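In: attaching a predicted model along with its sequence, questions to come.
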Amino acid sequence: MNTSALTKEDRALIAAATDAIKRRYRNDWQEVGAALRTRDGRVFTGVNLDAYLGRMAVCAEAVALGKVVTDLGERGIHTIVAVRHPPPDEKDQTVGVVSPCGACRELIWDYDRNARVIVPGNGSPVVVAIADLLPNKYSRERNL
Ligand SMILES: [Zn+2]
């Protein structure tokens, strides 16, 4: 998988996601923050919506994307990142970058097949292409 180092804008995106979850963290309810940069350079954030009925939970990436589509219409995803806030009983209280779940990989690809995704790397976060995170993406077509 091709990876690249973070840019200054990527670091700002991680900071925005971190700020979002630090402001809205609630143990067992809001534990992940996300930030995405649209193709026209605007930054949107979101936090996950956990739910008593687990399958109703919504990921932070989807909330951030929903804000973009609601406020501006579809603008593409230049770069996206999610970070996890540890629960109070965890020794290391560092908010750190996490990989998008499988469903979010599908969602990100559907809204921008050229999106860059910030993921955990070997010691520090790196940038990868969404296509590298989702080989053989689901499609109704047989040959894409
Ligand atoms: Zn997800």
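Out: Perfect, thanks for sending it.
In: please, where are all the strands along the protein?
Out: Counting by DSSP state E, the chain has strands at residues 32-37, 43-47, 79-84, 96-98, 116-119, 126-129.
In: mind listing residues that contact the shortest one?
Out: With Cβ atoms under 8 Å, 6 or more residues apart in numbering as the contact definition, strand 96-98 has outside contacts at 14, 32, 81-84, 118-120, 125. Every C-beta, even on glycine, is put in place using the N, C-alpha and C of the backbone.
In: I'd like the distance between residue 25 and residue 105.
Out: 24 Å (Cβ to Cβ, to the nearest Å).
In: kindly apply the preceding question to residue 95 instead.
Out: From residue 95 to residue 105 the distance is 21 Å (Cβ to Cβ).
In: picking that back up, of all the strands of the chain, which gets the most neighbours per residue?
Out: Comparing the strands of the chain by mean neighbour count (mean count of other Cβ atoms under 10 Å), strand 32-37 comes out on top with a mean of 28.
In: what sits up against that one?
Out: 9, 13-14, 16-22, 24, 43-48, 59-61, 63-65, 68, 77-85, 95, 98.
In: and the ion, which of those contact it?
Out: Subset of those in contact with the ion: residue 59, counting by Cβ under 5 Å from the ion.
In: in the protein, where is pLDDT below threshold?
Out: Low-confidence segments of the chain (pLDDT under 70): 143-144.
In: cutoff 80 now
Out: 142-144 (pLDDT under 80).
In: all helices for it, in order.
Out: Remark: helices assigned in the chain by DSSP state H are 8-24, 60-72, 102-111, 130-133.
In: and the angle from the second one to strand 43-47?
Out: Between the direction of helix 60-72 and that of strand 43-47, the angle (axes from the mean of the first three to the mean of the last three Cα atoms, to 10 degrees) works out to 130 degrees.
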